[in-house]
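Here's a sequence, model it:
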Amino acid sequence: MSLIIRNARIVTHQRPTGGHSGIAGALRGVAMDRVNVTKRADITVIDGRIASIQTLGTDAPPSPATPGLSAPADANKATGAIEIDAAGAAVVPGFVDCHTHACFAGERLSEWDDKRRGVPYLDILARGGGIMSTVRSVRSASESTLVELLLERLAIMLRCGSTTIEVKSGYGLDTATELKMLRAIHRASAAFPGTLVPTALLGHAIDDATPGFVDHVIRETLPAVASEFPGITIDAYCETGAWSVAQCVELFTKARTLGLPFRVHADQFNSLGMIEAATSLGALSVDHLEASTDDSLRTLAQSNAFGVALPICGVHLDQRFANARRLIDLGGALCIATNFNPGSAPCMSMCETIAMAVRHLKISPHEALAGATINPAALLGFIDRGTVEVGSRADLLILRSPDERALAFELGYPPIARVIVNGRPI
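Sure, this is the predicted structure:
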């Protein structure tokens with residue numbers, strides 16, 4: 001299959017040829033704010049890859065009746081290709097949402113009333129709410145139900161521009177249910193036009209009903225997951241009332257012996273020293289960072305790990321946000337993600353995440369774009385997407401505006417006219 005996008009204004013970061021050890025293809029520090037702009041070009045896609053980018057004259061193309069909206073895709077009888085006229089609208093890479101909890105059952109709307117009355121989330125968690133509420137719903141749901149619910153959410157996320165999506169388990173807290181969730185994610189990936197990346201969030205909440213719970217996860221659940229899903233990334237939530245630093249270190253040390261990489265949620269409410277421990281062990285990323293100290297951010301910036309900021313969580317919970325500005329200024333590699341989940345981040349839109357990141361993380365629209373495309377692609381192990389370059393996978397977004405800053409400026413409905421996944425208009 002071939003596709004031609006005509007009259008596009010291409011906005012993309014350029015993949016570095018060298019880069020920081022351990023973060024192949026990622027941008028750090030000031031490089032995150034530098035984009036390449038091609039004012040007018042035709043993009044040719046063959047078999048899902050960008051085959052060529054032909055720069056056109058600088059004269060602006062005729063404006064469409066509705067600025068930025070592409071014409072319907074039609075097959076060119078001469079070439080056999082599908083053609084879309086971008087009519088001067090901006091074309092950017094498809095988003096890579098690198099931190100989500102999109103596989104779940106049930107809802108937690110009643111807890112929102114408590115949160116709005118000022119009840120701290122850790123108090124809700126301590127009395128069996130929060131994560132444990134969703135755990136009970138997931139345990140009672142069938143695998144097929146989890147697949148169906150996940151696919152419904154993925155369709156919305158795709159419409160909002162996310163073409164590669166990480167999805168965590170973590171609402172099982174026992175071996176059978178964690179495996180059920182990971183199988184559901186695997187099944188959903190076969191029906192999703194984009195790319196799903198599973199993560200085994202084995203260190204989520206503590207199930208007090210299981211004696212020796214942490215040891216049980218490390219000795220039984222982790223090996224079972226590694227056997228059925230070799231190479232899968234492991235994750236944990238390090239926080240007061242959840243997994244301690246020492247428990248996370250034990251989990252990650254065992255994971256490394258099984259050949260599994262790892263990530264960690266850290267410093268959401270309290271700075272416990274997890275950044276220092278995680279980076280010394282070789283973590284892929286440290287996510288949240290709302291309570292991180294300047295010294296911890298410096299350690300993260302100087303390491304091989306990504307920092308992943310989750311601004312929707314701050315908007316929805318407590319108006320606390322990661323100091324992403326400081327992490328970038330220290331030379332760190334930043335990603336941003338929705339953190340979509342049924343409790344603390346009920347948002348499936350990377351567009352909204354970009355808008356909130358610019359407002360609350362004090363980063364620029366271009367830094368946010370890097371944090372939503374090229375950097376999370378590198379975090380998830382992909383060097384074939386996250387940019388609009390010859391040879392890249394054709395996961396592309398045609399905006400409704402010629403100005404890419406609309407992604408950060410507009411609120412609500414995503415400013416996207418077309419989503420293209422692996423060279424196919426969706």
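
Thought Glu152 was touching Ala188, still the case?
No: counting by Cβ atoms under 8 Å, Ala188 does not reach Glu152; the two are 10.0 Å apart. Just so you know, the C-beta spots here come from the backbone N, C-alpha and C atoms, and that holds for glycine as well.

what about the two, which has more around it?
Here Ala188 and Glu152 are compared on neighbour count by other Cβ atoms under 10 Å; more neighbours surround Ala188, at 24 against 11.

Without its sequence neighbours, what residue ends up closest to that one?
Leu150 (4.6 Å; Cβ to Cβ, 6 or more residues apart in numbering).

Next, that neighbour: secondary structure please.
On the three-state scheme (DSSP: H, G, I helix; E, B strand; the rest coil), Leu150 is labelled helix.

List the contacts of it.
102-103, 167, 184-185, 188 (Cβ atoms under 8 Å, 6 or more residues apart in numbering).

could you point out which element follows the worst-scoring helix or strand of the chain on mean pLDDT?
Ranking every helix and strand in the chain by mean pLDDT, DSSP states H and E puts strand 74-75 at the bottom, with a mean of 56. Downstream of strand 74-75, the first helix or strand assigned by DSSP states H and E is strand 82-85.

partner strands of that next one, parallel or antiparallel?
strand 2-12 (parallel), strand 74-75 (antiparallel) (DSSP bridges).

chain center to the first one: distance?
Spelled out, that is strand 2-12. 24 Å (Cα atoms, centre = their mean, to the nearest Å).

and the very next helix or strand once past it, what does it pack onto?
Counting by DSSP H and E, the next helix or strand C-terminal to strand 2-12 is strand 36-46. When contacts are defined as 3 or more Cβ pairs under 8 Å, 6 or more residues apart in numbering; DSSP states H and E, strand 36-46 packs onto strand 2-12, strand 49-55.

pull the CA atoms of strand 36-46 into CSV?
Extracted in CSV, the C-alpha atoms of strand 36-46 (Å, rounded to 0.1, in the frame of the first residue of the first chain):
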residue,chain,number,x,y,z
ASN,A,36,13.1,20.9,12.0
VAL,A,37,10.4,22.6,10.0
THR,A,38,9.8,21.9,6.3
LYS,A,39,7.3,24.6,5.2
ARG,A,40,5.8,22.7,2.3
ALA,A,41,6.5,19.1,1.2
ASP,A,42,5.0,15.9,-0.1
ILE,A,43,5.4,12.8,2.0
THR,A,44,5.4,9.4,0.2
VAL,A,45,4.7,6.3,2.2
ILE,A,46,5.3,2.8,0.9
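
in that strand, what counts as buried?
Across strand 36-46, burial judged by 16 or more other Cβ atoms under 10 Å covers 38, 40-45.

cool, stretch 314-324 as well?
For stretch 314-324, burial by neighbour count (16+ other Cβ under 10 Å) applies to 314-318, 321-324.

I'd like those as JSON lines, with pLDDT and distance to Ala89 appended.
Below are the buried residues of stretch 314-324 laid out as JSON lines (pLDDT from 0 to 100; distance: Cβ to Cβ, whole Å):
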{"residue": "Gly314", "pLDDT": "96", "distance to Ala89": "31"}
{"residue": "Val315", "pLDDT": "96", "distance to Ala89": "28"}
{"residue": "His316", "pLDDT": "93", "distance to Ala89": "31"}
{"residue": "Leu317", "pLDDT": "89", "distance to Ala89": "35"}
{"residue": "Asp318", "pLDDT": "89", "distance to Ala89": "37"}
{"residue": "Phe321", "pLDDT": "98", "distance to Ala89": "31"}
{"residue": "Ala322", "pLDDT": "98", "distance to Ala89": "31"}
{"residue": "Asn323", "pLDDT": "98", "distance to Ala89": "34"}
{"residue": "Ala324", "pLDDT": "98", "distance to Ala89": "28"}
